[in-house]
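Chemist: this one's sequence-less:
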């Protein structure tokens, strides 16, 4: 069984910073792509950033230059450093991991429970 546990959300004023963390635990053989998505009220879930197991990153245009995704492979953890936050960044942020379990050796898609980020103007 695998769990993704997120932390670090909260309320911040515009221009402020937050750092999200997501730790994967359980029966894990390896983790490939990890990422962060977000869903604002009344909107579809959207990709924010992804990072491969070799460190290659990808960002949605609206966060480029403000957000940084990173990972610690030894800790099975992915981070999202969010700077210069804007009210439009307000959303529930979800961690995602494509990981391989030791028995099946197949890749599965896992999601965290979500953490609320609220940016006040």
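Modeler: Good, I have the coordinates. Since the model is a prediction, treat every value here as computed from it, not as a measurement.
Chemist: nearest spatial neighbour of residue 48, skipping sequence neighbours?
Modeler: Counting by C-beta to C-beta, 6 or more residues apart in numbering, residue 48 lies nearest to residue 36, which is 4.4 Å off, once chain neighbours are set aside. Where C-beta positions appear, they are placed from N, C-alpha and C, glycine not excepted.
Chemist: isn't residue 4 up against residue 110?
Modeler: Yes. Contact criterion C-beta atoms under 8 Å: residue 4 and residue 110 qualify, at 5.5 Å.
Chemist: point to the residue nearest the middle of the protein.
Modeler: With distances taken as C-alpha atoms, centre = their mean, residue 36 lies nearest the centre of the chain, 2.8 Å away.
Chemist: on that earlier part again, name the residue in residue 4 and residue 110 with the higher neighbour count.
Modeler: The neighbour count for residue 4 versus residue 110, taken as other C-beta atoms under 10 Å, is higher for residue 4 (22 against 18).
Chemist: leaving out chain neighbours, which residue sits closest to the more buried one?
Modeler: Closest to residue 4 by C-beta to C-beta, 6+ apart is residue 112, at 3.8 Å.
Chemist: my guess is residue 76 contacts residue 21. True?
Modeler: No. Using C-beta under 8 Å, residue 76 is not in contact with residue 21, being 11.2 Å away.
Chemist: which one's more surrounded, the two?
Modeler: Applying other C-beta under 10 Å to residue 76 and residue 21 shows that residue 76 carries more neighbours, namely 20 against 17.
Chemist: this completes my enquiry, with thanks.
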